[in-house]
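Asks: Following is a predicted model, sequence given first.
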Amino acid sequence: MVHSAYDSFELLTDSPSKIESIESYGSKILLGCSDGSLRIYAPSQPPPLSQPDELRKEPYALERCVSGFAKKPLISMQVVESRELLLSLSESIALHRLPNFEAVAVITKAKGAHVFCWDEERGFLCFARQKRVCIFRHEGNSFL
């Protein structure tokens with residue numbers, strides 16, 4: 001007898017652009033697309049009061065599309081809920097304030113980066129560019 005360790009369920013099937021990165025934010029799903037757009041999907045039905053921020057097993061509908069979110073494909077994204085930020089990696093690393101996705105900063109020294117990680121405990125942003133690893137510390141609203 002075969003054991004299934006998890007269930008799979010298709011939340012959406014009709015993305016018009018190739019999906020490059022994905023992240024969850026509360027009950028929403030954020031898709032970074034190859035055309036540089038950010039597509040925000042949410043459950044079709046409003047969540048029950050007892051589970052407002054959980055991903056749900058039902059079809060998701062497009063809530064909002066932010067065209068021109070980045071000039072190039074969004075390689076990676078990370079939601080930092082404690083600081084209400086979305087970090088995104090395209091041609092450099094950009095920070096956007098949540099929930100309205102307003103641009104806060106762009107780290108121009110990260111141009112050409114291909115991977116990043118966020119250390120929540122210390123507020124460090126680490127990224128790799130070519131053969132170098134760089135570390136920035138987040139203090140207030142800026143990186144040092």
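Replies: Received, thanks. Everything numeric here is computed off the predicted structure, so don't read it as measured data.

Asks: Give me the nearest residue to residue 109, chain neighbours excluded.
Replies: Spatially, and ignoring its direct neighbours in sequence, residue 109 is nearest to residue 134 (6.8 Å; C-beta to C-beta, 6 or more residues apart in numbering). From N, CA and C alone the C-beta is placed, and that goes for glycine too.

Asks: residues in contact with stretch 63-78?
Replies: Contact with stretch 63-78 is made by 20-23, 28, 30, 32-42, 86-91, 94, 101, 114-116, 118, as judged by C-beta atoms under 8 Å, 6 or more residues apart in numbering.

Asks: Now do the domain split for this structure, please.
Replies: Here the domain parsing of the chain from automatic domain parsing is 8-70, 75-144.

Asks: how long is the shortest one from one end to the other?
Replies: Put plainly, it is domain 8-70. Start to finish, the residues bounding domain 8-70 are 31 Å apart (C-alpha to C-alpha, to the nearest Å).

Asks: lowest-confidence stretch among the domains of the chain?
Replies: Among these, domain 8-70 has the lowest mean pLDDT, at a mean of 83.

Asks: Secondary structure element for the residue positioned nearest the centre of the chain, which one?
Replies: With distances taken as C-alpha atoms, centre = their mean, residue 77 lies nearest the centre of the chain, 3.4 Å away. For residue 77, the host element (DSSP states H and E) is strand 76-80.

Asks: what's the offset of that strand from the middle of its chain?
Replies: Centroid separation for strand 76-80 versus its chain: 4 Å, with C-alpha atoms, centre = their mean, to the nearest Å.

Asks: Note down every partner strand of it and its orientation.
Replies: Paired strands of strand 76-80, with direction, are strand 85-89 (antiparallel) (DSSP bridges).

Asks: and the closest residue to residue 116 other than its chain neighbours, what is it in contact with?
Replies: Nearest residue to residue 116 in three dimensions, chain neighbours excluded: residue 127, at 3.9 Å (C-beta to C-beta, 6+ apart). Applying C-beta under 8 Å, 6+ apart to residue 127 gives the contacts 89, 93, 110, 113, 115-117, 133-134.

Asks: Now the two most distant members of those residues.
Replies: Using C-beta to C-beta, the pair of the contacts of residue 127 lying farthest apart is 89 and 133, separated by 14.6 Å.
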